[in-house]
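Enquirer: all I have is the shape, not the residue letters:
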């Protein structure tokens, strides 16, 4: 047969040549066997012949029975990853071991790990802030349980509890000029100024809003200026030397103001974030809005960068 494959032509030329008589007669003592070898398929392609001879060889029997914990699979590679059954003496133990139980109870004379949880407030903690004065290593927290707490950053112990009001305390802000002095904004609409030296009583109280007071902030450039904002949608600037009325009142938000923050770089600018999905920049000296940032979020909160930010 005429074929373009050089491999097939080697096996297909079986015609007798002139002068070379084909001797196919059986010889004495030799059985004539023209059948293909066992399990080897007669194929003209040498490549198929190589992979089709998979018959077991004489010798040890091939054990293909499934082993315990090993799935029977024709692929040798899959079988490497499928043996995940536990072996005797190698059971997986994820139970806590004796002597290695987790114990977070304080021990006498042992320094507490900073990752330990301190549970002092009775309700949700709404605010936590570090003292900006380097020499005063303290943390301040405010809670819906009506209190503010001062913590020692080294021992993680509550050193003082301040009873702010009967309702919720939403925000607290340290003074950047005087160590241990801070202000709180609470649900009773009052702005309270506290001092660690004065104990559990505020040094100044101002009726800052007719509704809930949600946020307060201390100016970084003036030790006597505070800003407050709340549910009524107004921002007010206060001078603690005469707090009978606000210095400036800024209105423009349609809903409650969640946060108010002074600029770290300009003493006359502050920012507010409201539930109306906007953030506004204000000029304290001109009492006007400098710009509005729209937000697609349901609640918008913003914080101006710190003074030491690059």
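Expert: Ah, there it is. It should be emphasised that the depicted structure is a prediction, and the values quoted were computed from it without experimental measurement.

Enquirer: show me where the stretch 51-200 of the chain has strands.
Expert: 125-130, 138-143, 147-152, 158-163, 169-174, 181-186, 190-195 (DSSP state E, counting those that start in this stretch).

Enquirer: closest to residue 294 out of those strands?
Expert: With respect to residue 294, and counting by C-beta to C-beta, the nearest of these is strand 169-174 at 24.1 Å. Placement of C-beta: from N, CA and C, glycine included.

Enquirer: note down every partner strand of that closest one and its orientation.
Expert: In the sheet, strand 169-174 lines up against strand 181-186 (antiparallel) (DSSP bridges).

Enquirer: shaky segments in the stretch 101-250 of the chain?
Expert: 101-116 (pLDDT under 70).

Enquirer: quick one: the strands of the stretch 51-200 of the chain as JSON lines, columns for distance to residue 276 and mean neighbour count too.
Expert: Formatted as JSON lines, the strands of the stretch 51-200 of the chain follow (distance: least, C-beta to C-beta, whole Å; neighbours: other C-beta atoms under 10 Å):
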{"stretch": "strand 125-130", "distance to residue 276": "21", "mean neighbour count": "15"}
{"stretch": "strand 138-143", "distance to residue 276": "24", "mean neighbour count": "21"}
{"stretch": "strand 147-152", "distance to residue 276": "28", "mean neighbour count": "20"}
{"stretch": "strand 158-163", "distance to residue 276": "32", "mean neighbour count": "15"}
{"stretch": "strand 169-174", "distance to residue 276": "18", "mean neighbour count": "26"}
{"stretch": "strand 181-186", "distance to residue 276": "19", "mean neighbour count": "26"}
{"stretch": "strand 190-195", "distance to residue 276": "23", "mean neighbour count": "22"}
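
Enquirer: present these as TSV; the columns should include distance to residue 289.
Expert: Below are those laid out as TSV (distance: least, C-beta to C-beta, whole Å):
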stretch	distance to residue 289
strand 125-130	26
strand 138-143	28
strand 147-152	31
strand 158-163	34
strand 169-174	22
strand 181-186	22
strand 190-195	23
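
Enquirer: figure out which of these is closest to residue 202.
Expert: Closest approach to residue 202 among the strands of the stretch 51-200 of the chain (C-beta to C-beta): strand 190-195, 4.1 Å.

Enquirer: strand 158-163 and the closest one, what's the angle between them?
Expert: Put simply, strand 190-195 runs at 150 degrees to strand 158-163, going by axes from the mean of the first three to the mean of the last three C-alpha atoms, to 10 degrees.

Enquirer: what does strand 190-195 rub up against?
Expert: Contacts to strand 190-195, defined as C-beta atoms under 8 Å, 6 or more residues apart in numbering, come from residues 148, 162, 164-165, 178, 180-186, 202-208, 213, 216, 226, 228, 238, 240.

Enquirer: so residue 247 touches residue 239, yeah?
Expert: Yes: between residue 247 and residue 239 there is a contact at 5.4 Å, judged by C-beta atoms under 8 Å.

Enquirer: which neighbours do these two have in common?
Expert: Between them, residue 247 and residue 239 share these contacting residues under C-beta under 8 Å, 6+ apart: residue 225.

Enquirer: re the thing from before, residue 291: which of the strands of the stretch 51-200 of the chain is closest?
Expert: Among the strands of the stretch 51-200 of the chain, strand 169-174 comes nearest to residue 291, with 23.7 Å by C-beta to C-beta.

Enquirer: what's near enough to touch residue 223?
Expert: Counting by C-beta under 8 Å, 6+ apart, residue 223 touches 175-178.
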